[in-house]
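J.: What follows is a predicted protein model with its sequence.
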Amino acid sequence: MRRRGLNKIWTLALALLIALGAMGVTYGAWTDEIYIDGSLYTGDINASVTCNGPCPDSAYITCAPVPNEPMQLTFTLKDAVAGETYSCNFLINNLDVDEEVDFESLPIKRDSVTLSPDTYPGITASVINLPADPQIEPGHSAGGTVEIVVDSGITPPQSLVYTLEVTVKRWNK
Amino acid sequence: MRRRGRTELKRMGLLALALVLALGSLGVTYAAWTDSVYVVGTVHTGNLDADICGVSSTFVYKVPGGQYGDLPPETFVDYYYSTDDDYTPPDLPAGSMLVAQATTINTSVWKDPVTKEIVDIDSAEMKFEGVFPGIDFMTDVELEYNGSIPAKISIVEITSDNDIVDELWGLWQDGGQYGDTTYAPHTYGIWIDAELSTDDGDTWIPIPNPDPNLPQEILGLQLEQEDLVHIQMHVLLPEEPVYEHLSLSFTGQITVKQWNLYEEPET
């Protein structure tokens, strides 16, 4: 008896399925779907500071990157002569690493530029020629110059090392 | 008995023959005494049909020297609605540049381009590009309900194989702790909300969404023919380095269901 009952139910279900199939209708047709494909890329600040070519007085002053510190450079002054001024140029870069990716890098703003140590007796080191506009667009760079003035009448150390550190932030922060 | 039966049959046969002859002599056939009415019938079943009829996008500009409301300095946000994926940039001062955007493109297909058969696939592509902290990047699909029978929204979901999406859902719902910084619920993260128009877009009723992981208020929202609904996705990042330079994908689904088959989701 039980098997007969089940057979009837299955037969009815099959008949219903065939009937719906013949009508070209399925239960799922009574919903409608909207599908979305999405992607999320967040912006980045890809800034660095680099030497802008060899220093003009490269016999006396040299520029070098600091390993693993993309926002730092060292400037080494050797055999400086009293009464002379030495300079070397650098770049603050807002890198656009992958040009194929839109909106990868955000505009940045120069936040701080420091040169340390700031005191050697009779020697003045400073950063000059920074652009008035602190903003740097993606894919662009802004220049600056480290200038070291050795007073006349002193005997400078044989070697002096200065570290330049630049910090940047998002343009609207 | 057997012979008698045969006789009765013969009698009945004669009677039938006589009747046929009589009717025939009257010039009338049996068929003439009937008439037919033919009915041609059609059955139209109802349908459920929600179509994408517009999209909204967010465009963020850097405007030198600009200050717009409570936005961060030099930042202008253009929330733009379009029915044809076109975009007309705002008239901004010289030197302005587009720095980030959240856009949706309607990729629905009505007819198969090869077979010309009607396929009616409703789909869209959402892209968040260059997203950065502090701005509500919102993009949406505008759905027009064209079905003949009422429907209810039964599924609205975003899924990703990247844990960051879940993390940002959770941040919106529950808030979060990043080092010394605590973010309250409903301040940052990813969430979905909606708004409904029953008057062809003249007025929009916000559909509150207190729980972004389970948008109860959106789920069960009933749509009548010609109703419009915006399903909006928001990304508002906190100022945390962990969300810098991310690249991830997600998929979403919105499903409408016959109104009287809708079941409340389990909480």
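T.: Yep, that arrived.

J.: Please make it C-alpha for all contacts and neighbour counts, starting now.
T.: Fine.

J.: Over to B:L71: give its phi and psi.
T.: As for B:L71, its main-chain torsions (degrees, to the nearest 10) stand at phi -70, psi 160.

J.: Could you measure from it over to B:T187?
T.: Noted for B:L71: a distance of 15 Å to B:T187, by C-alpha to C-alpha, to the nearest Å.

J.: Who has more neighbours out of the two?
T.: Set side by side, B:L71 and B:T187 give different neighbour counts by other C-alpha atoms under 10 Å in any protein chain shown, the larger being at B:T187 (17 against 14).

J.: Show the contacting residues for that one.
T.: With contact taken as C-alpha atoms under 8 Å, 6 or more residues apart in numbering or on different chains, B:T187 is in contact with B:172, B:175.

J.: tell me the secondary structure for it?
T.: Reducing the assignment to helix, strand or coil with DSSP: H, G, I helix; E, B strand; the rest coil, the entry for B:T187 is coil.

J.: beta partners for the spatially most central residue of chain B?
T.: Closest to where the C-alpha atoms of chain B average out (C-alpha atoms, centre = their mean) is B:A50, at 4.6 Å. On the basis of DSSP bridges, B:A50 takes part in beta bridges with B:Y145.

J.: tally of neighbours for the closest residue to chain A within the stretch 1-150 of chain B?
T.: Of all residues in the stretch 1-150 of chain B, B:G130 sits closest to chain A, with a separation of 3.9 Å (C-alpha to the nearest C-alpha). Neighbours of B:G130 under the rule other C-alpha under 10 Å: 25.

J.: residues contacting the residue lying closest to it once chain neighbours are set aside?
T.: Ranked by C-alpha to C-alpha, 6 or more residues apart in numbering or on different chains and with sequence neighbours excluded, the top spatial neighbour of B:G130 is A:G43, at 3.9 Å. With contacts defined as C-alpha under 8 Å, 6+ apart, A:G43 is in contact with A:103-106, B:100, B:129-132, B:244-246.

J.: Out of those residues, list just those in strands.
T.: With strands taken from DSSP state E, the overlap with those comprises B:100, B:129-131.

J.: ok, the residue nearest the centre of chain A to A:I136 distance?
T.: Geometric centre of chain A, nearest residue: A:N46, 1.0 Å, by C-alpha atoms, centre = their mean. Relative to A:I136, A:N46 is positioned 11 Å away (C-alpha to C-alpha).

J.: Mutual contacts of the two, please.
T.: Common contact partners of A:N46 and A:I136 (C-alpha under 8 Å, 6+ apart): A:N94.

J.: quick revisit: and the ones in strands among the contacts of A:G43 as JSON lines, adding pLDDT?
T.: Shown next, in JSON lines, are the ones in strands among the contacts of A:G43 (pLDDT from 0 to 100):
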{"residue": "B:A100", "pLDDT": "96"}
{"residue": "B:E129", "pLDDT": "96"}
{"residue": "B:G130", "pLDDT": "95"}
{"residue": "B:V131", "pLDDT": "97"}
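
J.: Helices of the stretch 151-267 of chain B, residue ranges please.
T.: With DSSP state H, counting those that start in this stretch as the criterion, the stretch 151-267 of chain B has helices at B:163-174.

J.: cool, and chain A?
T.: Defined through DSSP state H, the helices belonging to chain A, from first to last, are A:2-22.

J.: Residue numbers of it in contact with chain B?
T.: In this structure, chain A approaches chain B at residues A:30-44, A:102-107, A:171-173, judged by C-alpha under 8 Å from any C-alpha of the partner chain.

J.: Give me the buried entries from these.
T.: Among the residues of chain A next to chain B, those classed as buried by neighbour count (16 or more other C-alpha atoms under 10 Å in any protein chain shown) are A:30-44, A:103-107, A:171-172.

J.: check contacts around B:T139.
T.: Listed by C-alpha under 8 Å, 6+ apart, the contact partners of B:T139 are B:55-58, B:102-104, B:126, B:232-234.

J.: at 6 Å instead, please
T.: Applying C-alpha atoms under 6 Å, 6 or more residues apart in numbering or on different chains, we find B:T139 in contact with B:56-57, B:102-103, B:232-233.

J.: pLDDT and neighbour count added to these, as TSV?
T.: Compiled in TSV, these are given as follows (pLDDT from 0 to 100; neighbours: other C-alpha atoms under 10 Å in any protein chain shown):
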residue	pLDDT	neighbour count
B:S56	96	22
B:S57	97	25
B:A102	97	27
B:T103	97	24
B:Q232	94	18
B:M233	95	19
